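[1] model the structure of this input:
(one chain, ligands or ions: 2)
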Amino acid sequence: MEGVDHLADERNKAEFDVEEMKIVWAGSRHAFQVSNRISRLVANDPIFEKSKRAVMSRKELFKNTLKKSAHAWKMINELRLSDEESIRFRSFMDQPGFVDLHWGMFVPAIKGQGTEEQQQKWLPLANNMQIIGCYAQTELGHGSHVQGLETTATFDPQTDQFIIHSPTQTSSKWWPGGLGKVSTHAVVYARLITNGKDHGVHGFIVQLRSLDDHSPLPGITVGDIGMKFGNGAYNSMDNGFLKFDHFRIPRDQMLMRLSKVTREGKYVASDVPRQLVYGTMVFVRQSIVSNASNALSRAVCIATRYSAVRRQFASQNGGTETQVIDYKTQQNRLFPLLASAYAFRFVGEWLKWLYTDVTQRLEASDFATLPEAHACTAGLKSMTTSATADGIEECRKLCGGHGYLWCSGLPELFAVYVPACTYEGDNVVLQLQVARFLMKTVSQLGSGKAPAGTTEYMGRAQHLLKCRSSVKKAEDWLNPGMVLEAFEARALRMAVSCANNLSKFENQEQGFSELLADLVEAAIAHCQLIVVSKFIAKIEGEIKGKGVKNQLKNLCYIYALHLLHKHLGDFLSTDSVTPEQASLASHQLRSLYSQLRPNAVALVDAFNYTDHYLGSVLGRYDGNVYPKLFEEALKDPLNDSVVPDGYHEYIRPLIKQHIRSARL
Ligand SMILES: CCCCCCCCCCCCCCCCCCC/C=C/C(=O)SCCNC(=O)CCNC(=O)[C@H](O)C(C)(C)COP(=O)(O)OP(=O)(O)OC[C@H]1O[C@@H](n2cnc3c(N)ncnc32)[C@H](O)[C@@H]1OP(=O)(O)O
Ligand SMILES: Cc1cc2nc3c(=O)[nH]c(=O)nc-3n(C[C@H](O)[C@H](O)[C@H](O)COP(=O)(O)OP(=O)(O)OC[C@H]3O[C@@H](n4cnc5c(N)ncnc54)[C@H](O)[C@@H]3O)c2cc1C
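    Ligands and ions are numbered 1, 2, ... in the order given. Next comes the predicted model:
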């Protein structure tokens, strides 16, 4: 029934102040107000309608993205929206497009790697979108191995120019978003060569297309790399290829904040770590962690509301059928994902703080925390995106058959989200960076250099390598100290075990490659510890609103104990818990699920998502699922006619042939 809230009973059960939880979720009252206002602004504008994306051709979808982006830009300017509001605007617009790379990577690359002079020249043009840029790093032959890139930038002292060239087919740029059809400029990563010497990979600002008619400049071959996974989905983005044929740019278009080439062709490296050339990736990895909580919370919101609407099988005493959310199996699959969405939100907030802190330190030439910032951004990007991609797919299954329908919103969400496990660094490659960092930290234990930040716990190795968990009853698993100790012991023991095994190899690099799988596991254990510890820190802070803290505590322990259950092998094999303690954890987890159950719908309402943003018939706020599923079905182009196109060519002859042969 239209206008009826089919989830009203669920909402009435809530034991906490949902409005206050909305503020916790948003991060602050101000952030909530911005999100609330901007999400409704987007939802109420018909230009941002998105339900037809699955049936649009690639060209229609791309043009629709251009239209939406241009309209968004007009509104942003007319309404004089702040940066924060504009970022929210883009997020609620919910359509991947060239603007993401322009604002998300091109502009940050110039800010991070350009000199003051270069920033003054290029940023006003980029900020006004008089030029549109992308981030052209990956090539056909190399993505992960950045030092293996083949594009060259050779300095020509005669003309004071760099000659940008793609010497092989594998050196063609391949994948950059916004490159295929839109970008006028790119930050291109190429091997810098001066006087015949290769100085490794550096960034250059390169104009690709004419600002008059958009045609590629002579010496540039550029286009789109073709359709990607899923209908609609990430196909709104023009990921592109790019080949240079001895293309010339002025010397001052090398991004020279970190190192430079003089008029005479002398290469001058500054004393800052060369890894700062990877700074844009660190920035984006940090933002991807916050985005993981957005994507996962959307999927969880859909699956939770639908699980409360959906009923299957009568209870034993007859009567009404059971809401599927009441099955313990459903809770065991769904509630940890709900808890993960909150966990990733809070670790995302913390990572933003860490990123701001390291940026300020770098400006003051303090590079001490750079390795940790790299390890945290890489590891958390990897861990949260993998868990989110798996979580979205689990939510689809939690919605049964209807979850597979496009209008559930879940297939498209999955198709758009899943490349996050690959872009900005393949998730395994990134965990190996964390593992390297951990092995270095372990090797320095006892050297007098106390580990700090997220590896501080390793400084308590003497205790953590020996301790036995003191959990004796199920409620002990609600003790933050006991939970943390189990996670710290597991992470440290896995890292130390890897380090011990590594030390048995004469050649460290060979040992590292033999032990890759174990190293990844150790890195994941460390990252999970970070997420658990930041969630615990959150619930130990000040939290307003009736019952809000209590709900967050339940979510925090569900998050931690489900990880313990999922990775029980690690916890048992490292003796971090006993089988009896593990069984007490499972008991506690079941009890937490029961406590969470009446609050489940209210906990997803706290995300404050509009129906437009969710884009799901199953996740509608009012729970009016069945009539709307019919409405959606009837909108499908196949239902435009009763007898389908192709009947006369292909169905009728078959049937007629059958009738003829049956008569014979
Ligand atoms: C119209 C509306 C407008 C409104 C406006 C709205 C605004 C909208 C904003 C939108 C924002 C959206 C956000 C963006 C969306 C993103 C979309 C995705 C697009 C995807 C882009 C990409 O994928 S770009 C390409 C990414 N590529 C990679 O990630 C490559 C992965 N590989 C690497 O990073 C590295 O090569 C490595 C980490 C694998 C290292 O390899 P290697 O060992 O060979 O390294 P080195 O020898 O170079 O270095 C070794 C040494 O350095 C340390 N190190 C490595 N990386 C770093 C680092 N980043 N920082 C610090 N240190 C680093 C490494 O650990 C080693 O240290 P040792 O001590 O020597 O061990
Ligand atoms: C949707 C999308 C958007 C993108 N946008 C951009 C963009 O805007 N700009 C840009 O420059 N790039 C972009 N990329 C490229 C992206 O950054 C790379 O694809 C990514 O970094 C992975 O690199 P790769 O493709 O070389 O994977 P590969 O490294 O070839 O990975 C293949 C397999 O090998 C494994 N592997 C590789 N190295 C190791 C190792 N050392 N140890 C163990 N296993 C290993 C990986 O785990 C993986 O299983 C985009 C990619 C996608 C999918």
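
[2] just want the residue of the stretch 51-200 of the chain that's nearest ligand 2.
    Among the residues of the stretch 51-200 of the chain, residue 143 lies closest to ligand 2, at 2.4 Å counting by CB to the nearest ligand atom. Quick note: C-beta positions are derived from backbone N, CA and C, even for glycine.

[3] report the contact partners of the nearest residue to that residue once chain neighbours are set aside.
    Closest residue to residue 143 in three dimensions, ignoring its sequence neighbours and counting by CB to CB, 6 or more residues apart in numbering: residue 175, at 7.0 Å. Contacts were defined as CB atoms under 8 Å, 6 or more residues apart in numbering; by that measure residue 175 touches 138, 143, 225, 239-240, 423.

[4] next, residue 175: phi, psi?
    Backbone dihedrals for residue 175, given as degrees, to the nearest 10, come out at phi 120, psi -30.

[5] name the element the residue nearest to residue 336 when sequence neighbours are not counted belongs to?
    Nearest-residue entry for residue 336: residue 562, 3.8 Å, with adjacent residues in sequence omitted and distances by CB to CB, 6+ apart. Using DSSP states H and E, residue 562 sits within helix 548-566.

[6] what's that helix in contact with?
    Identification of contacts with helix 548-566 by CB under 8 Å, 6+ apart yields 15-17, 20-21, 24, 335-336, 338-340, 342-343, 477-478, 483, 486-487, 528, 531-532, 535-536, 538-539, 543, 571, 577, 582, 585-586, 588-589, 592-593, 595-596, 599, 603.

[7] give me that answer again for 7 Å
    With contact meaning CB atoms under 7 Å, 6 or more residues apart in numbering, helix 548-566 is reached by 16-17, 20-21, 24, 335-336, 338-340, 342-343, 477-478, 483, 486, 528, 532, 535-536, 538-539, 543, 571, 582, 585-586, 588-589, 592, 595-596, 599, 603.

[8] tell me which helix or strand comes right after it.
    Going down the chain from helix 548-566, the next helix or strand is helix 568-573, by DSSP H and E.

[9] list the helices and strands that next one packs on?
    For helix 568-573, the elements it packs on are helix 480-503, helix 579-596, judged by 3 or more CB pairs under 7 Å, 6 or more residues apart in numbering; DSSP states H and E.

[10] immediately after the shortest one, which helix or strand?
    Read it as helix 579-596. Past helix 579-596, further along toward the C-terminus, the next helix or strand under DSSP H and E is helix 600-605.

[11] what mean pLDDT does that next one get?
    Over the span of helix 600-605, the pLDDT mean works out to 98.

[12] what is the subsequent helix or strand relative to it?
    With elements assigned by DSSP H and E, the helix or strand that comes after helix 600-605 is helix 611-614.

[13] for the following helix or strand past that next one, which positions count as buried?
    Beyond helix 611-614 on the C-terminal side, the first helix or strand identified by DSSP H and E is helix 625-635. Counting neighbours by 16 or more other CB atoms under 10 Å, one finds that the buried residues in helix 625-635 are 625, 628-629.

[14] correct me, but residue 352 touches residue 286?
    Yes: under the criterion of CB atoms under 7 Å, residue 352 makes contact with residue 286 at 6.4 Å.

[15] who's more crowded, these two?
    residue 286 (24 against 15; other CB atoms under 10 Å).

[16] which residue is the nearest non-sequential neighbour of that one?
    Using CB to CB, 6+ apart, the closest residue to residue 286 is residue 355 (4.5 Å).

[17] model confidence for that neighbour, exactly?
    According to the model's per-residue confidence, residue 355 sits at a pLDDT of 97.

[18] and it, how far is that from residue 527?
    16 Å (CB to CB, to the nearest Å).

[19] those two: which has the busier surroundings?
    residue 527 (26 against 19).

[20] that one belongs to a helix?
    Yes: under DSSP: H, G, I helix; E, B strand; the rest coil, residue 527 falls within a helix.

[21] doesn't residue 377 make contact with it?
    No: with contact defined as CB under 7 Å, residue 527 and residue 377 do not form a contacting pair (10.9 Å).

[22] number of residues surrounding the residue in the stretch 51-200 of the chain that ligand 1 sits nearest to?
    Per CB to the nearest ligand atom, residue 104 is where the stretch 51-200 of the chain lies closest to ligand 1, at 2.8 Å. Each residue near residue 104 was counted by other CB under 10 Å, and the total is 22.

[23] dump the residue contacts of it.
    Contacts of residue 104 were listed using CB under 7 Å, 6+ apart, and they are residue 284.

[24] give me that answer again for 10 Å
    With CB atoms under 10 Å, 6 or more residues apart in numbering as the criterion, the residues that contact residue 104 are 87, 90, 134-135, 177-178, 280, 283-284, 287-288, 424.

[25] kindly report the same for residue 205.
    106, 109-110, 113-114, 118, 121-122, 126, 131, 133, 185-188, 249-250, 252-255.

[26] how about residue 280?
    Taking CB under 10 Å, 6+ apart as the definition of contact, the neighbours of residue 280 are 104-113, 135, 137, 187, 189, 203, 424.

[27] from ligand 1, how far out is it?
    Distance of residue 280 to ligand 1, given as CB to the nearest ligand atom, to the nearest Å: 8 Å.

[28] 365 is where my numbering starts, stick with that
    Shifting the count to begin at 365 puts that one at residue 644.

[29] now name the helix or strand holding that residue.
    helix 643-673.

[30] quick check: next helix or strand after that helix?
    With DSSP H and E setting the assignment, the helix or strand that follows helix 643-673 is strand 675-679.

[31] residues making contact with that next one?
    Outside of strand 675-679, the residues within contact range by CB under 10 Å, 6+ apart are 684-691, 764.

[32] CA atoms only: put it into CSV for me.
    As requested, the backbone C-alpha atoms of strand 675-679 are provided in CSV (Å, rounded to 0.1, in the frame of the first residue of the first chain):
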residue,chain,number,x,y,z
ARG,A,675,8.7,-13.9,5.3
GLN,A,676,9.3,-17.6,4.6
PHE,A,677,7.8,-20.6,6.4
ALA,A,678,5.2,-20.6,9.2
SER,A,679,6.5,-20.8,12.8
